[in-house]
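Participant: Starting from these lines, generate the structure:
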Amino acid sequence: MNKDIKNLWITALRSEEYPQHSKPQMKSDKGFDALGVLCELHRKRMKKESWKPVKQAPGLFSYLGSTNCLPVNVVKWAGLRNEDAWDDNVLVNIKFRKEDTTIAFLCDEGLSFDELANIIAKKL
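Facilitator: Predicted coordinates for the structure are as follows:
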């Protein structure tokens, strides 16, 4: 992963600028998951289109057509490698407690943004 973007992501997760939600999607009307924060950083830096409401699921939003995994544009921008992804479902793979998992899964499991920032700092 690109070191500058990794540090930007970690800083954003540790800030209180992005409210964390408990949904399995990147962004809802209540906040973000960790992948959603990375997408929001991409949106702000690249001056991309804003999040779009998902008509079939009120309160949820998509970014560049994605609701729960990183869009290809974000993957390329962040410098994530193929090993960081399973197929086209880019959820950011890591080893955590000696097991293969994803940042998305750890978000869904309820880890805080601070805990996720620590994991990203050590494992990506």
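
Participant: low-scoring stretches of the chain, by residue?
Facilitator: Within the chain, the ranges that satisfy pLDDT under 70 run 81-98.

Participant: just the strands in it please.
Facilitator: Residue ranges of the strands in the chain, as given by DSSP state E, are 27-28, 31-32, 52-53, 60-62, 93-96, 99-102.

Participant: In the sheet, which strands lie alongside the first one, parallel or antiparallel?
Facilitator: Translated: strand 27-28. The strands that strand 27-28 pairs with in its sheet are strand 31-32 (antiparallel), strand 60-62 (antiparallel) (by DSSP bridges).

Participant: hmm, who's touching that strand?
Facilitator: Residues lying outside strand 27-28 but in contact with it, judged by C-beta atoms under 8 Å, 6 or more residues apart in numbering, are 21, 33, 36, 39-40, 51, 59-61, 63. Any C-beta I mention is one placed from the backbone N, CA and C, and that applies to glycine too.

Participant: Go through those and name the one nearest residue 105.
Facilitator: The shortest distance between residue 105 and any of the contacts of strand 27-28, using C-beta to C-beta, involves residue 33 and amounts to 10.5 Å.

Participant: check contacts around that closest one.
Facilitator: 20-21, 23-27, 104, 107-108.

Participant: Near residue 67, how many other residues are there?
Facilitator: 19 (other C-beta atoms under 10 Å).

Participant: Does it touch residue 26 like I think?
Facilitator: Yes: with the criterion set as C-beta atoms under 8 Å, residue 67 and residue 26 qualify as a contacting pair; they are 6.3 Å apart.

Participant: tell me, what's touching the two both at once?
Facilitator: Here residue 67 and residue 26 have residue 61 as joint contacts, going by C-beta under 8 Å, 6+ apart.

Participant: Show me the residue sitting in the middle of the chain in space.
Facilitator: Of all residues in the chain, the one closest to the mean position by C-alpha atoms, centre = their mean is residue 35, 0.7 Å from it.

Participant: Many thanks, have a good one.
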